[in-house]
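1. fold the stuff below for me.
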Amino acid sequence: MAATDSIVIFYIIVDRLDVNALEQLRSILGVNGLLLGDRVAERAEGWSDTTKNCAALAVARPRTVGEVSATLELCNKNHIGVVPYGGGTGLVRGAVAKPDQILLSLERMRTIEIVDPINRIAVVEAGVTLQNLQEEVDRSGLMFPLDLGARGSATIGGNISTNAGGNRVVRFGMMRDMVLGLEVVLANGTILTSMNQLIKNNTGYDLKQLFIGSEGTLGVVTRAVLRLREKCNSENAALIAVKNFADILHLLKVLDARFGGALSAFEVMWREFYDVVTAPGTGRNPPLPRGEPYYILIECLGADLVEDRKRFEDILMEITLDGRISDAVLATSYEQASNLWSIRDDVDRIMTLGPILMFDVSLPISSMEDYVSDVRRSLKNLWPDHVCVVWGHLGDCNLHIWITVHLDDEHTRSKVEEIVYNPLSKIGGSISAEHGIGEEKIHYLSVSRNSDEINLMKSIKKMLDPYNILNPGKIFC
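-> Residues are numbered from 1 along each chain as shown. Here you go, the predicted structure:
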């Protein structure tokens with residue numbers, strides 16, 4: 001398709017767009033800064049999108065905050081919807097654009113500007129991937145503790161916009177706890193620079209918190225000041241099998257106390273998850289026999305290779321002797337620890353079971369056993385041959401529940417959503433622990449938020465984005 005053809009199609013589809021808008025966007029973004037046609041369609045709309053058939057009208061790829069500002073100012077003037085796009089690893093259709101909307105990708109803004117080992121901060125552009133940041137700060141003897149399976153693709157801007165959680169929340173918190181300052185472009189093109197570098201800055205409203213977790217509906221994050229930690233010299237990991245959920249609760253409490261703050265991960269896999277990812281044909285030998293009710297992956301990060309290792313082994317030996325652990329394996333090297341983590345991270349394997357409906361919920365740990373049992377009972381009543389795979393960051397109250405009932409239609413999806421979400425209201429749970437709302441969870445927001453909260457959120461949205469151009473149709477109807 002020739003460039004002139006693309007321009008003609010652009011005008012036809014978006015009849016409300018000023019006739020000079022395309023040329024203005026091209027002049028703002030440069031020759032390669034605005035993609036049309038097939039170069040748009042090849043984009044995935046999220047991690048589980050295998051069709052790669054993005055419907056957006058165009059993809060804007062600015063190089064500077066000035067270009068982001070000019071793009072949003074133009075789109076705001078013409079009332080054109082803009083959908084911020086990170087690494088394409090989302091699971092709630094939070095970066096899906098309609099045919100009359102523009103996808104805004106910061107993939108050309110990937111500069112790590114500063115890694116400061118004295119003040120323990122990093123200043124980065126929003127398009128930097130999580131893995132690249134981790135590797136860069138590691139070279140300075142520091143660590144950025146956020147970690148998740150999609151680290152190679154997920155961007156810092158996307159992590160901020162969704163308030164990403166991941167594997168080490170139990171010790172280091174979520175993305176919100178690692179952001180010191182932000183640069184954000186508002187819907188009208190205003191550049192809000194709040195690049196605070198202090199851990200303590202108690203001067204009025206903490207404006208950055210408005211944008212962390214707002215899924216690109218209030219502003220576009222372009223740069224961030226991130227809090228770094230000293231690199232941990234020791235890493236000890238173990239995989240534990242237990243027979244009763246009560247033993248999981250006991251172990252979490254005991255291990256967190258005994259390790260004195262060093263516990264960095266407490267990941268629980270129900271039997272179905274472990275059996276699928278270690279099944280014959282996967283090329284993976286299960287480190288523990290399959291078939292146990294629960295498997296726990298624990299990780300401790302510390303400072304002393306020898307002493308930390310001895311303490312780790314001693315504590316695990318003590319809790320093994322009290323009969324609450326049916327089996328355990330300790331990683332004796334970094335490679336073995338990585339192999340244990342590869343089991344937990346191999347969620348792709350679950351996709352082979354059939355059409356998967358993915359859920360990311362949060363609830364009190366004390367309610368989890370009954371909640372999972374109730375969900376499975378309700379599913380079995382309607383679909384006896386269903387598969388329900390459960391795992392998650394149990395140390396911070398987060399479960400991932402992936403379900404297949406071997407059907408994939410709107411009615412089926414709605415029934416499964418009701419089974420998963422509705423019980424959460426009575427137990428103080430959340431329909432989204434770390435993935436956000438996007439389009440998928442809009443109709444269930446009231447399960448976790450009351451009407452006053454929702455109305456205030458809508459008022460803030462209206463104030464900052466009166467024409468609703470920023471990620472329209474996400475979070476709210």
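
2. what ranges does the stretch 301-450 of the chain have for its helices?
-> Listed from the start of the chain, the stretch 301-450 of the chain has helices (DSSP state H, counting those that start in this stretch) covering 305-321, 334-345, 368-382, 410-421, 445-448.

3. which residues are contacting the first one?
-> Taking contacts as C-beta atoms under 8 Å, 6 or more residues apart in numbering, the residues outside helix 305-321 that touch it are 233-234, 236, 238, 240, 251, 254-255, 258-259, 262, 300, 302, 325, 328, 330. In short, each C-beta sits where N, CA and C put it, glycine included.

4. one more time with 6 Å
-> 234, 236, 258, 300, 302 (C-beta atoms under 6 Å, 6 or more residues apart in numbering).

5. what helix or strand is the second one on?
-> When secondary structure is defined by DSSP states H and E, residue 236 falls within strand 234-242.

6. can I get that strand in PDB? Just the C-alpha atoms.
-> Output for strand 234-242, consisting of C-alpha atoms alone and laid out as PDB, is shown next (Å, rounded to 0.1, in the frame of the first residue of the first chain):
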ATOM      1  CA  SER A 234      22.800 -14.600  48.200                       C
ATOM      2  CA  GLU A 235      19.700 -16.200  46.700                       C
ATOM      3  CA  ASN A 236      18.300 -19.400  48.200                       C
ATOM      4  CA  ALA A 237      15.300 -21.200  46.800                       C
ATOM      5  CA  ALA A 238      13.300 -24.300  47.600                       C
ATOM      6  CA  LEU A 239      10.300 -26.200  46.400                       C
ATOM      7  CA  ILE A 240       8.100 -27.700  49.100                       C
ATOM      8  CA  ALA A 241       5.100 -30.000  48.900                       C
ATOM      9  CA  VAL A 242       2.300 -30.000  51.500                       C
END
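
7. save the helices of the stretch 301-450 of the chain as a markdown table, and put in distance to residue 117, mean neighbour count and mean pLDDT too.
-> Rendered in a markdown table, the data for those read as follows (distance: least, C-beta to C-beta, whole Å; neighbours: other C-beta atoms under 10 Å; pLDDT from 0 to 100):
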| stretch | distance to residue 117 | mean neighbour count | mean pLDDT |
| --- | --- | --- | --- |
| helix 305-321 | 21 | 14 | 93 |
| helix 334-345 | 23 | 16 | 94 |
| helix 368-382 | 40 | 15 | 98 |
| helix 410-421 | 44 | 16 | 97 |
| helix 445-448 | 40 | 17 | 96 |
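
8. can you tell me which of the ones you listed is nearest to residue 276?
-> Closest to residue 276 of these is helix 334-345 (C-beta to C-beta; 10.3 Å).

9. name the helices or strands packed onto the closest one?
-> The elements that helix 334-345 packs onto, with contact taken as 3 or more C-beta pairs under 6 Å, 6 or more residues apart in numbering; DSSP states H and E, are strand 234-242.

10. beyond the strand it packs on, next helix or strand please.
-> Immediately after strand 234-242, counting by DSSP H and E, sits helix 245-258.

11. now that next one against helix 368-382, angle please.
-> Computed with axes from the mean of the first three to the mean of the last three C-alpha atoms, to 10 degrees, the direction of helix 245-258 lies at 150 degrees from that of helix 368-382.

12. helices or strands up against helix 245-258?
-> With contacts defined as 3+ C-beta pairs under 6 Å, 6+ apart, helix 245-258 has these neighbours: strand 263-270.

13. centre of the chain to the strand it packs on, how far?
-> Mean C-alpha position of strand 263-270 versus that of the full chain (C-alpha atoms, centre = their mean, to the nearest Å) differs by 17 Å.

14. show me what that strand is in contact with.
-> Contacts made with strand 263-270 from outside it, assessed by C-beta under 6 Å, 6+ apart, are listed as 167-168, 170-171, 252, 255-256, 295-301, 344, 390-391, 394-395.

15. cool, stretch 189-203 as well?
-> Contact with stretch 189-203 is made by 65, 69, 72-73, 121, 180-185, 207-208, 225, as judged by C-beta under 6 Å, 6+ apart.

16. then stretch 218-230?
-> For stretch 218-230, the external contacting residues (C-beta under 6 Å, 6+ apart) are 65, 68, 84, 120-126, 137, 142-145, 157, 160, 178-186, 195, 197, 210-211, 464.

17. next: stretch 411-422.
-> Counting by C-beta under 6 Å, 6+ apart, residues outside stretch 411-422 touching it are 357, 359, 375, 378, 403, 431, 444, 447.

18. how close does the nearest residue to residue 75 once chain neighbours are set aside sit to residue 161?
-> Distances taken as C-beta to C-beta, 6 or more residues apart in numbering put residue 82 closest to residue 75, at 5.1 Å, once the chain neighbours are dropped. Counting by C-beta to C-beta, to the nearest Å, the separation of residue 82 from residue 161 is 13 Å.

19. between the two, point out the one with more neighbours.
-> residue 161 (29 against 26; other C-beta atoms under 10 Å).

20. surely that one forms part of a helix?
-> Yes - for residue 161, which was evaluated using DSSP: H, G, I helix; E, B strand; the rest coil, the result is membership in a helix.

21. what about residue 173, how many neighbours?
-> 15.

22. brilliant, that's me finished.
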